[in-house]
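Visitor: coordinates for the following, if possible.
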Amino acid sequence: VERSRQWYDLVHLAFQTDSTRAISLWLGSQDKPEIQGVNIGHHDASHHGQDPGKLEQLALIEDAEMRVFGEFLDKLKASTEGDSTLLDRSSIFFASNLGNASNHDNMNLPVILAGGGYKHGEFREVPREGINKVPLCNLFVDIAQKMGVETDSFGSSTGRFA
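Guide: Next up, the predicted model:
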């Protein structure tokens, strides 16, 4: 958790100093986090097999991770750049490649999008199948266009995310 906090501090500094405007950060770890009540690594906890003890530890780990991510967003919101904040001027995409790591299911991916001038504070479930299916790549097209990149497609996109 502390290592994640350090990475977020570096990202904040890079944005604040205008050293870059694009960062890809992977925070995965096989190590046992220093969290009270946790004695296994995140990866082991995520492959819980519905074991109540592992699920409890996974909840503690993910709660700690989300708290540190929230601190990062607060820091971006508190940092001004011109007449807005770094959070307003940034699209922060936080996600996992698995919806259920216990069985390596890549459906129902947890995604958080913060900043970037988007309307926030809501949950959206999008169609996964059929004619109205919305690929995650549609969100990437939308983010790219909001950043001024002239593109109508990315990967398996079918347009912008509405």
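Visitor: so what pLDDT did Val1 get?
Guide: Model confidence at Val1, given as pLDDT, is 88.
Visitor: and Asn108, by the same measure?
Guide: If you check Asn108, the pLDDT there is 81.
Visitor: can you give me the neighbour number for Gln57?
Guide: 24 (other C-beta atoms under 10 Å). Yep, even glycine has a C-beta here, placed from its N, CA and C like the rest.
Visitor: what are the ranges of the strands in the chain?
Guide: For the chain, applying DSSP state E gives strands covering 80-81, 84-85, 91-95, 111-115.
Visitor: do you know which of these lies nearest Ile23?
Guide: The closest of the strands of the chain to Ile23 is strand 91-95. By C-beta to C-beta, the value is 9.6 Å.
Visitor: what angle do that closest one and strand 111-115 make?
Guide: Here strand 91-95 runs at an angle of 160 degrees relative to strand 111-115 (axes from the mean of the first three to the mean of the last three C-alpha atoms, to 10 degrees).
Visitor: of the strands of the chain, which is nearest Thr158?
Guide: Closest of these to Thr158 is strand 111-115, at 17.2 Å (criterion: C-beta to C-beta).
Visitor: which other residues reach that closest one?
Guide: Strand 111-115 is contacted from outside by 69, 73, 76, 86-95, 120, 136, 139, 143, using C-beta atoms under 8 Å, 6 or more residues apart in numbering.
Visitor: how far does it sit from the chain's center?
Guide: 6 Å (C-alpha atoms, centre = their mean, to the nearest Å).
Visitor: in it, what's buried?
Guide: Across strand 111-115, burial judged by 16 or more other C-beta atoms under 10 Å covers 113-115.
Visitor: partner strands of that strand, parallel or antiparallel?
Guide: Sheet pairing of strand 111-115 (DSSP bridges) gives strand 91-95 (antiparallel).
Visitor: which residue is nearest the centroid of this structure?
Guide: Phe94 (0.7 Å; C-alpha atoms, centre = their mean).
Visitor: leaving out chain neighbours, which residue sits closest to that residue?
Guide: Excluding the flanking residues, the one nearest Phe94 by C-beta to C-beta, 6 or more residues apart in numbering is Ile112, at 4.2 Å.
Visitor: can you list the residues that contact the helix or strand of the chain with the lowest mean pLDDT?
Guide: Every helix and strand of the chain was ranked by mean pLDDT, DSSP states H and E. The lowest is helix 42-46, at a mean of 87. Applying C-beta under 8 Å, 6+ apart, the contact partners of helix 42-46 are 28-30, 33, 38, 54-55, 57-58, 61, 98, 101-102.
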